[in-house]
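S.K.: what would the 3D arrangement of this be:
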Amino acid sequence: MRVAIVENTRVTHHGQIGVALHAAGAQIAVFTPHADQRLPEPGDHDALVVLGAEQTALDDGLHPYLLRLAALMRGFHDLDRPVLGICLGAQILARAMGARNLLDTHPEFGWQEVHLTAAGRADPVLGALPPAFPIFQWHADSFTLPEGATHLAQNPAAAMQAFRMGRATYGMQFHFEMHRPVVADLARLFPELVERHEPGFAAALPDGAGGHGPAADAAGLAIARAWVALVGAEG
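M.R.: A predicted model of the protein is given here:
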């Protein structure tokens, strides 16, 4: 199982998706196009993961690789090779599939509840989760549902929380990969930014994570394992 992971920012945690890939014995190749413009070749990998970052999916001026990355995600999908876009990755995937990106319209931060749609409850990746579960969020942008996509999850803040196209192409707006150690490290590394999003979040983190953190961690790992199982079934 050969999996390419695209990191879109300097500080990136693989979190739960890394846990699941390593447990499955995946060969992981990491690409950092934000630094060097390099992207994977579809023929070299069985699956593609595109992670989040602070830029928008339309920020081509500062990040000219984004258009190529969108085309790459579409290319993997057209080859029926599993694709996973998380946060910015989901927004780029939506762009690749012809949807409209919505900038600075749907802000969320912290552990928030997400609700599965009827299709989500029957989905091979999300279907084993409870109908509603907490998960970590950190985004301001959203997108419309691509034509032909299956809408999997929603909440009042952002209707497009997750979608699937075909067998194994997934866009997930929420950060299911961010378990509690990742959240704590980001709060340590970016205290001013976190404070602007939610005053007192970092100070309350040891206690505040207790309510939602364990359930969110369990949901995130279940999602990661289920998607990796789709890769393994074909890889």
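
S.K.: I'd like to know the average pLDDT value across the helix ranked longest in the chain.
M.R.: Taking DSSP state H as the criterion, the chain has its longest helix at helix 201-234. Helix 201-234 shows an average pLDDT of 85 in the prediction.

S.K.: now do it: which elements does it pack against?
M.R.: On a contact count with 3 or more C-beta pairs under 8 Å, 6 or more residues apart in numbering; DSSP states H and E, helix 201-234 meets helix 15-23, strand 108-116, strand 132-139, helix 180-189, helix 191-197. (Each C-beta comes from the backbone N, C-alpha and C, glycine too.)

S.K.: tabulate those in CSV, adding columns for mean neighbour count.
M.R.: Putting the helices and strands packed on helix 201-234 into CSV (neighbours: other C-beta atoms under 10 Å) gives the following:
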stretch, mean neighbour count
helix 15-23, 20
strand 108-116, 19
strand 132-139, 22
helix 180-189, 16
helix 191-197, 13
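
S.K.: just send those back as JSON lines, with distance to Val50 too.
M.R.: Compiled in JSON lines, these are given as follows (distance: least, C-beta to C-beta, whole Å):
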{"stretch": "helix 15-23", "distance to Val50": "11"}
{"stretch": "strand 108-116", "distance to Val50": "19"}
{"stretch": "strand 132-139", "distance to Val50": "14"}
{"stretch": "helix 180-189", "distance to Val50": "17"}
{"stretch": "helix 191-197", "distance to Val50": "22"}
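
S.K.: mind putting these into a markdown table with mean pLDDT and distance to Gly89?
M.R.: Shown next, in a markdown table, are the helices and strands packed on helix 201-234 (pLDDT from 0 to 100; distance: least, C-beta to C-beta, whole Å):
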| stretch | mean pLDDT | distance to Gly89 |
| --- | --- | --- |
| helix 15-23 | 97 | 11 |
| strand 108-116 | 96 | 16 |
| strand 132-139 | 96 | 11 |
| helix 180-189 | 92 | 16 |
| helix 191-197 | 90 | 20 |
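
S.K.: quick one: contacts for Val125?
M.R.: Arg164, Tyr170, Ile223, Ala226, Trp227, Leu230 (C-beta atoms under 8 Å, 6 or more residues apart in numbering).

S.K.: same check on Ala215?
M.R.: Contacts were defined as C-beta under 8 Å, 6+ apart; by that measure Ala215 touches Phe133, Pro134.

S.K.: hmm, 10 Å instead?
M.R.: Shown in contact with Ala215 (C-beta atoms under 10 Å, 6 or more residues apart in numbering): Trp111, Glu113, Leu129, Pro130, Phe133, Pro134, Ile135.
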